[in-house]
Structures are given as C-alpha cells and as structure tokens.
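Asks: Fold the following, please.
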Amino acid sequence: MSHSPNVDPAHAVSQPVARALDSLIIGAGASFALSVAAALTAVFSPEGLLHEIAHFALVGVMVVIILVRGIHVMRRANPSDPAAWARARAVHRSDAHLAQALTVTVPIAWLVGGVTILVHHLEALHGPALVMGVWLPVAATVWILATFAWHDFCRDRIASALDETDRKYREYWRDIARS
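Replies: Okay, the predicted model is just below:
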C-alpha cells in the first residue's frame, strides 16, 4: 500500500477484517438456511429424491467442514490468535458481534435440524434401540467435531484477516517513513 493523499489508511487497513466478517456472515447465513431447508424438506416433502437429499444434506455439510478444517490444520504453520474475536470487535464491533453470534447459531441449527430429522424418521431407522445405540452416537460425534471445526475455522479466518491488517498497517507507516 503506497502513501497517497487519496488513500484513507484506516479504511485500507481495516478492509481485510471487514471482508472476512462479511464472508463469515454470508457463509453462516447460507449454512443456517440450508439447515432449516433440509429439516423442513425431510419432514414435509413426500418420499423421493429431494426427500433423500434432505436427509443427508446436514451430515454432508458437517463432514465437509470437518474435512476442510482437518486439511487446513495439517497445512497450517502457526496457530491462530486466540484473541482474534476481541481484536476484530475493535475494528468492526457490530459485524464482529454478529459473526461471532452466528458461529454459535449455525451449530445449533445443525443440531436442531438433525434431531428434527431423526425424530421424524425414528421408525424408518428401525426403532429407538438402533437410533439410541448407533445413529445418535454417530450423529453426536459428527456434530461435535463439526462444531469445533466451525468455531476454529471462523476464528482462523478472522485471525488471518487481522494478520493482513497488521501487515498493511506496517507497510503504510514504512512507506510514509520512506517518503
């Protein structure tokens, strides 16, 4: 970032955090909407392809989040900043609060959607014993892993944006010192 009278340094420096928060809010909104749509479709649609897709949509989203997070952890060199949310609130308070609230709301939507689908299809899953002995523990494990992966992904996304913000801030002052 070069020094120019037309460049607002505060805006340029805070832009990566704003983009990260926006992407988290949009992604969380989409995941929340998918959760609601999958649960409603699985409960209210007649048997058929759409009904079957709805059964596995939530599990598919959670498994993808777990896998992507696992790949990210294997590739990552440094752990992210545990204070990322507090630092993001210092840059964009309301968006950071909304994004952080959505990091909690989305796994709750997954849980409610999954439980709704399981309860609605209890008999189709060969009775309560099989559900309690097999399906519920498997679903709980996937939900717990996906919840941790989601929270870590969101925090890492914010931490990465904060690192870029720090870099832009240092570049700005380095360029001023040179001029």
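Asks: Give me the helix or strand of the protein that scores worst on average pLDDT.
Replies: The least trusted helix or strand in the chain, going by mean pLDDT, DSSP states H and E, turns out to be helix 127-130, with a mean of 70.
Asks: so where's this protein shaky on pLDDT?
Replies: Where the chain drops to pLDDT under 70, the residues are 1-7, 77, 122-128, 131.
Asks: tell me the centre residue of it?
Replies: Trp150 (4.6 Å; CA atoms, centre = their mean).
Asks: Helices of this structure, start to end?
Replies: Secondary structure of the chain by DSSP state H: the helices cover 9-44, 49-75, 84-91, 93-120, 127-130, 136-178.
Asks: residues contacting the residue nearest to the centre of the chain?
Replies: 65, 69, 103, 106-107 (CB atoms under 8 Å, 6 or more residues apart in numbering). (Glycine included, C-beta is placed from N, CA and C.)
Asks: Might you report the residue contacts of the residue nearest to Arg19 when sequence neighbours are not counted?
Replies: Among residues not flanking Arg19 along the chain, Ala161 sits closest, at 6.8 Å (CB to CB, 6 or more residues apart in numbering). Taking CB under 8 Å, 6+ apart, we find Ala161 in contact with 16-17, 19-21, 88.
Asks: now with 7 Å?
Replies: Contacts for Ala161 (CB atoms under 7 Å, 6 or more residues apart in numbering) come out as 16-17, 19-20.
Asks: out of those, who's nearest Glu47?
Replies: Nearest to Glu47 among those is Ala20, at 41.7 Å by CB to CB.
Asks: separation between that closest one and Gly27?
Replies: Taking CB to CB, to the nearest Å as the measure, Ala20 falls 11 Å from Gly27.
Asks: Could you give the number of residues near Val17?
Replies: 24 (other CB atoms under 10 Å).
Asks: Please verify my assumption that it contacts Arg89.
Replies: No - look at Val17 against Arg89 with CB atoms under 7 Å: they stay out of range, at 9.9 Å.
Asks: Kindly indicate the member of the contacts of Ala161 with the most neighbours.
Replies: Ala20 (27 neighbours).
Asks: which residues sit in contact with that residue?
Replies: Ala20 neighbours (CB under 7 Å, 6+ apart): 157-158, 161.
Asks: same check, this time on Ala54
Replies: Applying CB under 7 Å, 6+ apart, we find Ala54 in contact with 38, 41-42, 45.
Asks: ok, those residues vs Leu58, which is closest?
Replies: Distance to Leu58 across those (CB to CB) is lowest for Ala38, with 5.1 Å.
Asks: Not counting sequence-adjacent ones, nearest residue to the closest one?
Replies: In space, and not counting its chain neighbours, Ala38 is closest to Ala57: 4.0 Å by CB to CB, 6+ apart.
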